[in-house]
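# Model the structure of this input:
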Amino acid sequence: MFCRRLLLRRSVGTISLRFAHTTASIPAAETVLQAVKPTNDDAAIHVTWKDGVSSTFHRAWLRDNCTCPSCQHPTTLQRQILTSAIPLHPTGHASLHANNSVLSIDWDDVVSGSDCVRSEFPATWLREHAYGIPSDGYDSRHYRQQRVDTKSLWGNDFTLPSTTYDAMMDNGSGGFKDGMAQLQKFGVLLIKHTPSSMDATEAFARRIGFVLETIYGRMWTTRPVNPENAYKDTASTNLALGPHTDCTYLYEPPGLQIFNCVLQAAAANADEGASRFVDGFHVVEWLRKYAPDAFQFFCDTALPQYCVDDDVSLHVMRPLIQRDGAGNVELVRFNDYDRAPLTHLSHDQVAAYYKHHKTLWDVINAVSSSTRRITSSMYTHG
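Down below sits the predicted model:
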């Protein structure tokens, strides 16, 4: 049976949606500065907002981040001055303007490559980029520190969110933004009424972003007889697959995968062809709270992943849990099918791996969605 549905799955990583912030969503107390004064050594400027929160900005940082047309290209938003040309301690007079909603700095000297003598920083912009605010003041707009984001963790009682192909492809209905918001929140989205052609599937993929080139190409089928290439992979068999993420042997695994089930194989019983979905971020959060030793092990220990074929040999060494510089989990790299022998670990580390892997696997099975067969609606690994 040919299907008319598409499955979007965030297998690893996060998806960044650039939806503009509106001033209505920003607390009024963050739009007004209460006081501004130089530090004792005059190397930085200390600002306080109306709600009493304060932060210190180095003068060099402020000069480096001026957004005037001379310092930042108005179209590309790229920096036009060389950071190396900025004095270590630039001097200038700081003052408040526009009803205390803007910090202005009149610089004593220009920087090579720019004729700017005044930098202006809205109070809201300073608040969003205040690197001096303690990291326990979680704010989703503070990308530099641990943050509360828009992801919603889910478990075995999860119901797939869904939308339609036409809604996602329509530029004017708002359906694309709504669908992407659901994808950002849950990491998986079912697209109904999807055309079964490869071209329509690729057009949808390009609606979201560029299509990653892999050893299989950009678009391919997963079936025993694969016309696109001759690469061998368990995904192109009828063998059962447990939960995993794909392409773990790539330096940059795909952050978003699209599966369009155009033909569902006949099943001898209701369990065959069933799909399981696991929220990797939920698994990681459980480990962080209840099995911190396992969490830290999988954050700190690089594990070997590989893909070997007649004309392909790909190998990477990366942790199962990948975090950014602020400690936020940004990627889960888990695939027992593609893991190479653990020949790089010490005797104690190998023992720790198998101990923590058992904990990990138990959690994966505990929080995975119910195994179920969705007739002609999706194809996914695991």
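# number of nearby residues for residue 313?
Close neighbours of residue 313, defined as other CB atoms under 10 Å, add up to 10. From N, CA and C alone the C-beta is placed, and that goes for glycine too.
# How far off centre is whatever helix or strand it lives in?
Using DSSP states H and E, residue 313 sits in strand 312-319. On the basis of CA atoms, centre = their mean, to the nearest Å, strand 312-319 sits 21 Å off its chain's mean C-alpha point.
# Partner strands of it, with direction?
The strands beside strand 312-319 in its sheet (DSSP bridges) come out as strand 302-309 (antiparallel).
# In the strand it pairs with, which residues are buried?
Neighbour counts over strand 302-309 (16 or more other CB atoms under 10 Å) mark 303-307 as buried.
# still on that earlier bit, quick check: next helix or strand after the strand holding residue 313?
strand 321-323.
# Got the phi and psi for residue 310?
The phi and psi values for residue 310, taken as degrees, to the nearest 10, are phi -60, psi -40.
# Please point out which parts of the strand holding residue 313 sit buried.
Buried residues in strand 312-319, counted by 16+ other CB under 10 Å: 314, 316, 318-319.
# still on that earlier bit, out of the buried residues of strand 302-309, flag the one nearest to residue 212.
Nearest to residue 212 out of the buried residues of strand 302-309 is residue 307 (CB to CB; 14.6 Å).
# Moving along the chain from the helix or strand of the chain at the bottom of the mean pLDDT ranking, name the first helix or strand you hit.
Of all helical and strand segments in the chain, the minimum by mean pLDDT, DSSP states H and E falls on strand 6-9, at a mean of 50. The helix or strand immediately downstream of strand 6-9 is strand 33-38, counting by DSSP H and E.
# Next one: residue 60 from residue 286, what distance?
When distance is defined by CB to CB, to the nearest Å, residue 60 is 43 Å away from residue 286.
# again with residue 366
Distance of residue 366 to residue 286, given as CB to CB: 8 Å.
# higher neighbour count, the two?
Legend: neighbour count by other CB under 10 Å for residue 366 and residue 286, higher for residue 286 (22 against 13).
# how far is the helix or strand encompassing that one from where the chain is centred?
Following DSSP H and E, one finds residue 286 within helix 280-290. Taking the mean of its C-alpha atoms, helix 280-290 sits 17 Å from the chain's own mean (CA atoms, centre = their mean).
# any idea how far residue 60 is from the closest residue to residue 35 other than its chain neighbours?
Nearest residue to residue 35 in three dimensions, chain neighbours excluded: residue 48, at 4.5 Å (CB to CB, 6 or more residues apart in numbering). Residue 48 sits 21 Å away from residue 60, going by CB to CB.
# give the contact list for the residue located most distally from the centre of the chain.
Each residue of the chain has a distance to the centre, and by CA atoms, centre = their mean the biggest one is for residue 108: 41.2 Å. Applying CB atoms under 8 Å, 6 or more residues apart in numbering to residue 108 gives the contacts 90-92.
# And for residue 92?
Residue 92 makes contact with 59, 105-108, according to CB under 8 Å, 6+ apart.
# quick one, phi/psi of the closest residue to it other than its chain neighbours?
Nearest residue to residue 92, sequence neighbours excluded (CB to CB, 6+ apart): residue 107, at 4.0 Å. Note on residue 107: backbone dihedrals following degrees, to the nearest 10 are phi -80, psi 140.
# so residue 107 touches residue 114, yeah?
No: between residue 107 and residue 114 there is no contact under CB atoms under 8 Å: 10.0 Å.
# Outline the domain layout of this protein.
6-17+150-367, 23-128 (automatic domain parsing).
# ok, residue 49 - how many residues close by?
Residue 49 - counted by other CB under 10 Å - has 22 other residues nearby.
# Of the buried residues of strand 302-309, just say which sits nearest to residue 216.
When the buried residues of strand 302-309 are compared against residue 216 (criterion: CB to CB), the nearest one is residue 307, at 10.3 Å.
# Identify the residues contacting the closest one.
Applying CB under 8 Å, 6+ apart, one finds that residue 307 lies in contact with 215, 249, 313-314, 338.
# Export those residues as JSON lines, with columns for pLDDT.
What follows is the contacts of residue 307, written out as JSON lines (pLDDT from 0 to 100):
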{"residue": "215", "pLDDT": "81"}
{"residue": "249", "pLDDT": "90"}
{"residue": "313", "pLDDT": "87"}
{"residue": "314", "pLDDT": "89"}
{"residue": "338", "pLDDT": "90"}
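# Low-confidence bits of the stretch 1-150 of the chain, can you list those?
Within the stretch 1-150 of the chain, the ranges that satisfy pLDDT under 70 run 1-27, 134-150.
# Go again with 80.
Filtered on pLDDT under 80, the stretch 1-150 of the chain yields the residue ranges 1-29, 132-150.
# Now do the strands in it.
All strands of the stretch 1-150 of the chain, identified by DSSP state E, counting those that start in this stretch, fall at 6-9, 33-38, 44-49, 54-58, 92-97, 102-107, 118-122.
# repeat for the stretch 151-300 of the chain
Secondary structure of the stretch 151-300 of the chain by DSSP E, counting those that start in this stretch: the strands cover 162-164, 188-192, 257-259.
# now those strands in TSV, with mean pLDDT, distance to residue 74 and mean neighbour count?
TSV is the format used below for the strands of the stretch 151-300 of the chain (pLDDT from 0 to 100; distance: least, CB to CB, whole Å; neighbours: other CB atoms under 10 Å):
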stretch	mean pLDDT	distance to residue 74	mean neighbour count
strand 162-164	93	36	18
strand 188-192	90	35	22
strand 257-259	86	35	18
